[in-house]
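Engineer: 3D model of this:
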Amino acid sequence: MTVSPVRRRSFLLGGLATAAVLAVPACGSSASDDASGAVADGPWSFTDDRGETVELDTTPRRIVGLGDAVAALWDFGVEPVGTFGVLSIQDDEQFTGFDLEGVTEVGTTYGEIDAEKLAALKPDLIVTHVYPEELGGSVEGVLLYGFKDEKQIETLSKIAPIVAIEMGGSAKDVVVRNSELAESLGADLASESNAEKKKAFDEAATTLTEASRSGLSVLALAGYESEGLYVAQSAADPNLAYFADLGVVYPDVDDSEYYWDLLSWENADTYQTDIVLYSLRAMDGDALQQQPTFAELPAARAGQVHAWKYEPLSWGKQAAWMTTLAGYLTDDQKVT
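Structural biologist: So this is what the prediction gives:
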């Protein structure tokens with residue numbers, strides 16, 4: 001089966017998810033404390049990862065965007081006024097700890113964005129992601145993530161300009177690009193909060209490097225009862241690729257199709273690893289264990305099946321996820 005790049009990503013990010021999504025309480029404080037108290041009133045420009053430059057008379061203050069993108073900006077201190085994406089922000093683990101009051105959803109299904117509702121927010125800028133067509137490939141001409149088609153993009157770009165950050169290569173590089181965009185929008189990267197998050201990020205990277213010396217192998221996947229297992233290629237996912245740079249071990253996943261290797265349930269034993277990470281936006285660990293072939297995997301028999309969290313690519317959120325993964329690698333046992 002050939003799967004388009006957009007549909008490939010939607011399996012992990014929730015476009016087809018029908019199983020267990022963790023509810024996120026609207027608690028915690030806004031990240032806006034990290035924003036600069038005085039946003040420049042002069043001209044603003046930013047060149048995105050398509051090489052397109054947006055120039056405005058003043059710095060954008062009202063930001064709407066793909067949930068994945070605005071969650072990262074928010075962690076740096078740029079609070080959005082609206083989001084769109086693949087599920088409700090109330091059900092999206094990326095928004096844990098943010099005060100969601102005052103943030104308007106203009107779309108909770110992939111490609112479905114209410115243009116009138118978006119326009120009513122009077123956004124200054126729309127932010128999103130763009131994925132390369134293939135590993136190491138260009139993003140030129142690739143449909144921006146979160147949008148149905150070019151016609152929709154054209155319509156929405158008349159409401160506010162769009163900037164896109166590439167989700168390719170290493171997560172560390174994407175974090176840097178997110179920080180640059182956030183800073184241009186008024187985030188104070190030198191604030192006490194952001195400085196603490198950056199320190200935590202660096203320390204967590206060291207912790208994960210040390211934990212990876214256990215040599216335990218990791219498989220990341222999204223399972224769907226009617227379709228089977230979508231096994232992620234570590235080099236294609238920025239998060240997994242960065243962890244590989246830090247020493248995390250993955251199996252060599254078939255790369256004949258970009259991003260995923262699709263396995264039928266009968267072939268669930270193709271990759272034998274010590275740890276399995278399951279997408280929170282697909283079948284959960286208990287549901288996966290109900291599949292007899294999955295239950296026979298070494299990691300499943302050992303009870304070493306854990307959540308694969310899709311966290312925003314920011315210092316603070318990635319620090320927490322790296323620390324969690326380091327815990328798996330430290331506490332679990334070699335079973336292959």
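Engineer: Please make it C-alpha for all contacts and neighbour counts, starting now.
Structural biologist: Noted.
Engineer: Could you chop this structure up by domain?
Structural biologist: According to automatic domain parsing, the chain comprises the domains 5-188, 199-331.
Engineer: So what's the gap between stretch 328-336 and the chain middle?
Structural biologist: 25 Å (CA atoms, centre = their mean, to the nearest Å).
Engineer: quick one: buried residues of that stretch?
Structural biologist: 328-330, 332-335 (16 or more other CA atoms under 10 Å).
Engineer: Switch those over to CSV; also include distance to Asn194, secondary structure and pLDDT.
Structural biologist: Formatted as CSV, the buried residues of stretch 328-336 follow (distance: CA to CA, whole Å; DSSP: H, G, I helix; E, B strand; the rest coil; pLDDT from 0 to 100):
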residue, distance to Asn194, secondary structure, pLDDT
Tyr328, 27, helix, 98
Leu329, 27, helix, 98
Thr330, 28, helix, 98
Asp332, 32, coil, 98
Gln333, 35, coil, 97
Lys334, 37, coil, 98
Val335, 39, coil, 98
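Engineer: so can I have JSON lines of those showing distance to Gly82?
Structural biologist: Converted to JSON lines, the buried residues of stretch 328-336 look like this (distance: CA to CA, whole Å):
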{"residue": "Tyr328", "distance to Gly82": "35"}
{"residue": "Leu329", "distance to Gly82": "37"}
{"residue": "Thr330", "distance to Gly82": "39"}
{"residue": "Asp332", "distance to Gly82": "40"}
{"residue": "Gln333", "distance to Gly82": "44"}
{"residue": "Lys334", "distance to Gly82": "45"}
{"residue": "Val335", "distance to Gly82": "46"}
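Engineer: just checking, which of the domains of the chain comes out with the lowest mean pLDDT?
Structural biologist: Across the domains of the chain, domain 5-188 has the smallest mean pLDDT, namely a mean of 84.
Engineer: just the helices in this protein please.
Structural biologist: For the chain, the helices defined by DSSP state H cover 5-13, 67-76, 115-120, 150-157, 171-184, 192-212, 238-245, 285-289, 292-295, 298-301, 315-331.
Engineer: on that earlier part again, looking at the buried residues of stretch 328-336, spot the one nearest Glu266.
Structural biologist: Distance to Glu266, by CA to CA, is smallest for Val335 among these, at 21.3 Å.
Engineer: What is the burial count for the closest residue to that closest one other than its chain neighbours?
Structural biologist: The shortest distance from Val335 to any non-neighbouring residue, by CA to CA, 6 or more residues apart in numbering, is to Asp274 (5.4 Å). A count of neighbours around Asp274, defined by other CA atoms under 10 Å, yields 25.
Engineer: what sits against the residue lying farthest from the centre of the chain?
Structural biologist: Using CA atoms, centre = their mean, the residue of the chain lying farthest from its centre is Gly42. It sits 32.0 Å away. Contacts of Gly42 were listed using CA atoms under 8 Å, 6 or more residues apart in numbering, and they are 57-59.
Engineer: Please name the bridge partners of the closest residue to Ala220 other than its chain neighbours.
Structural biologist: Closest residue to Ala220 apart from its sequence neighbours, by CA to CA, 6+ apart: Leu277 at 4.6 Å. As for beta bridges, Leu277 partners with Ala220, His306 under DSSP bridges.
Engineer: pretty sure Thr273 is touching Gln333, no?
Structural biologist: No. Counting by CA atoms under 8 Å, Thr273 stays clear of Gln333, with 10.9 Å between them.
Engineer: Pull up the overlap in contacts between these two.
Structural biologist: With CA under 8 Å, 6+ apart, Thr273 and Gln333 have common neighbours Leu216.
Engineer: now the strands: where do they sit in the stretch 1-150 of the chain?
Structural biologist: Along the stretch 1-150 of the chain, the segments classed as strands by DSSP state E, counting those that start in this stretch run 44-47, 53-56, 63-66, 82-84, 104-107, 125-130.
Engineer: May I see the ones you listed arranged in JSON lines, with distance to Phe243 as well?
Structural biologist: Formatted as JSON lines, these follow (distance: least, CA to CA, whole Å):
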{"stretch": "strand 44-47", "distance to Phe243": "28"}
{"stretch": "strand 53-56", "distance to Phe243": "31"}
{"stretch": "strand 63-66", "distance to Phe243": "24"}
{"stretch": "strand 82-84", "distance to Phe243": "28"}
{"stretch": "strand 104-107", "distance to Phe243": "31"}
{"stretch": "strand 125-130", "distance to Phe243": "21"}
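Engineer: Ala319 and Asp114, how far apart?
Structural biologist: 34 Å (CA to CA, to the nearest Å).
Engineer: More neighbours: these two, which one.
Structural biologist: Higher neighbour count among Ala319 and Asp114: Ala319, with 23 against 14, using other CA under 10 Å.
Engineer: quick one, what contacts the closest residue to the more buried one other than its chain neighbours?
Structural biologist: Closest residue to Ala319 apart from its sequence neighbours, by CA to CA, 6+ apart: Phe201 at 4.3 Å. For Phe201, the contacting residues are 315-316, 318-320, by CA under 8 Å, 6+ apart.
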